[in-house]
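Colleague: My questions concern the predicted model and sequence given below.
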Amino acid sequence: MTTTPITPILPAPRLVTVPPHPQWPALSTDEKTALKQRITALLTEQRAVLVAHYYTDDDLQELAENTGGIVADSLEMARFGTQTDAATLVVCGVRFMGETAKILNPEKRVLMPDLAATCSLDEGCPAAEFSAFCDQHPERQVVVYANTSAAVKARADWVVTSSIALPIIKHLAAKGDKVLWAPDRHLGRYIQQVTGADMLLWNGACVVHEEFKSVALERLRRLHPDAAVLVHPESPAEIVAQATVVGSTTQLIKAVVELPQREFIVATDAGIFWKMRQLAPNKTLLPAPTAGEGATCESCAHCPWMAMNALQNLERVLLNGNQEILIDETIRRRAVVPIQRMLEFARAQSGA
């Protein structure tokens, strides 16, 4: 890695209220099967398709794949919405994902099981405060992570996901551009160290990835010395420093499939285990520890907002349609520009 002094971050992070994990009623096998059948029928009737993130519940991921939808990271979710001919996109994830789908597909109806399913990065980067921060640094290219509101995206020059952030920042740095980055300081610092780019960082963080504990991870690595350590770059630097692979959700899944190790310590949201087990059933997956000595939960890395998505409220939204993403058209037209810029960059990189 390139050694680069860390640019000062915005000193006062916004406090974020984290909701409790929702407690959904337990369903018997027969009840769950019947519920999935009803949802499948509703999807067909409404020309709707499920777009689910890797961090959602196993049942939602399975249902999305079985009904012609997709399970993906936020970049592929954005691409998929523009490629399907479905009239309705049902986004199982968090609100910024639904907003991105609507920004790119204004003619389509975009529903979510619960519009209150937000994100600590989104909540910690309010549009008015962020816009004022940008105004203080007009010489910088504004690059925002996808985990932000439509209004924040509308203020940006580029939108990036974790899977494409590094090549885009390398591209900007090669041109000599200075970058204003938001909102995740851990991901921003990691990118800055790898690329050597001149970056000013907003002071945000993911409540899930920030909970991984360095000392406990070291202890787990000693117990499993042959295990590869897979880390999402939203994690703190002391966790990233212990990684075998640092990458986006898709990149971590690929590592489980392709690396020769039989054991993997995984430092990201536990929802990703469903896809990892599907693609690499013979590998052993160990959740990275999120709590220190005396804690009641040794490893409970699961986003409480992602947990707001469930079969029960998925059926409900298909029945009543009242959890629809709506975006002011002026904001949408501005926000689509940096998103399209990212997608065009990705297409150019892939040679498509």
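Modeller: Perfect, I can see it now. Residues are numbered from 1 along each chain as shown.
Colleague: can you list the weak-confidence ranges in this structure?
Modeller: Across the chain, the ranges flagged by pLDDT under 70 are 1-15, 291-300, 352.
Colleague: quick one: the strands in it?
Modeller: According to DSSP state E, the chain carries its strands in the segments 48-53, 70-72, 88-92, 109-111, 141-145, 158-160, 179-182, 199-201, 228-231, 245-246, 263-267, 284-287.
Colleague: Which residues outside the fourth one are in contact with it?
Modeller: Meaning strand 109-111. Contacting residues not belonging to strand 109-111 are listed as 48, 81, 87-91, 98, 101-102, 317-318, 321, 323-325 [CB atoms under 8 Å, 6 or more residues apart in numbering]. To be clear about C-beta, it is placed using only N, CA and C from the backbone, and glycine gets the same treatment.
Colleague: ditto for the third one
Modeller: With contact meaning CB under 8 Å, 6+ apart, strand 88-92 is reached by 43, 46-53, 56, 60, 64, 69, 77, 81, 97-98, 101, 105, 108-113, 309, 314, 317-318, 325.
Colleague: got the angle between it and strand 48-53?
Modeller: Per axes from the mean of the first three to the mean of the last three CA atoms, to 10 degrees, the angle that strand 88-92 makes with strand 48-53 is 30 degrees.
Colleague: what's the offset of strand 88-92 from the middle of its chain?
Modeller: With CA atoms, centre = their mean, to the nearest Å as the basis, strand 88-92 stands 16 Å off its chain's centre.
Colleague: circling back to that earlier point, among the contacts of strand 88-92, name the buried ones.
Modeller: Buried subset of the contacts of strand 88-92 (neighbour count, 16 or more other CB atoms under 10 Å): 43, 46, 48-53, 56, 60, 64, 69, 77, 81, 97-98, 101, 105, 108-113, 309, 314, 317-318, 325.
Colleague: Count the residues that sit near Pro287.
Modeller: For Pro287, the tally of surrounding residues (other CB atoms under 10 Å) stands at 20.
Colleague: Tell me the bridge partners for it.
Modeller: Counting by DSSP bridges, Pro287 is bridged to Val266.
Colleague: So it versus Ala165, what's the distance?
Modeller: 24 Å (CB to CB, to the nearest Å).
Colleague: got it, and His186?
Modeller: Separation of His186 from Ala165 (CB to CB): 12 Å.
Colleague: So for these two, which sits in the more crowded spot?
Modeller: Ala165 (27 against 21).
Colleague: measure that one to Gln83 for me?
Modeller: 22 Å.
Colleague: got it, and Ile327?
Modeller: Distance from Ile327 to Gln83, by CB to CB: 20 Å.
Colleague: between those two, who's got more neighbours?
Modeller: Legend: neighbour count by other CB under 10 Å for Ile327 and Gln83, higher for Ile327 (21 against 8).
Colleague: Show the contacting residues for the closest residue to Ala346 other than its chain neighbours.
Modeller: With sequence-adjacent residues excluded and distances taken as CB to CB, 6 or more residues apart in numbering, Ala346 is closest to Ile164, at 5.6 Å. Ile164 makes contacts with Leu75, Met342, Phe345, Ala346, Gln349, as judged by CB under 8 Å, 6+ apart.
Colleague: and if you look at Ser248?
Modeller: Asp73, Leu75, Thr161, Ser162, Ser163, His232, Pro233.
Colleague: Output those in JSON lines; the columns should cover distance to Lys36 and neighbour count.
Modeller: JSON lines is the format used below for the contacts of Ser248 (distance: CB to CB, whole Å; neighbours: other CB atoms under 10 Å):
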{"residue": "Asp73", "distance to Lys36": "24", "neighbour count": "23"}
{"residue": "Leu75", "distance to Lys36": "27", "neighbour count": "23"}
{"residue": "Thr161", "distance to Lys36": "29", "neighbour count": "22"}
{"residue": "Ser162", "distance to Lys36": "30", "neighbour count": "27"}
{"residue": "Ser163", "distance to Lys36": "30", "neighbour count": "18"}
{"residue": "His232", "distance to Lys36": "29", "neighbour count": "29"}
{"residue": "Pro233", "distance to Lys36": "35", "neighbour count": "25"}
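Colleague: Next step: those residues restricted to helices.
Modeller: If you go by DSSP state H, the contacts of Ser248 have Leu75 in helices.
Colleague: Dead centre of the chain: give me the residue that sits there.
Modeller: Ser74 (5.7 Å; CA atoms, centre = their mean).
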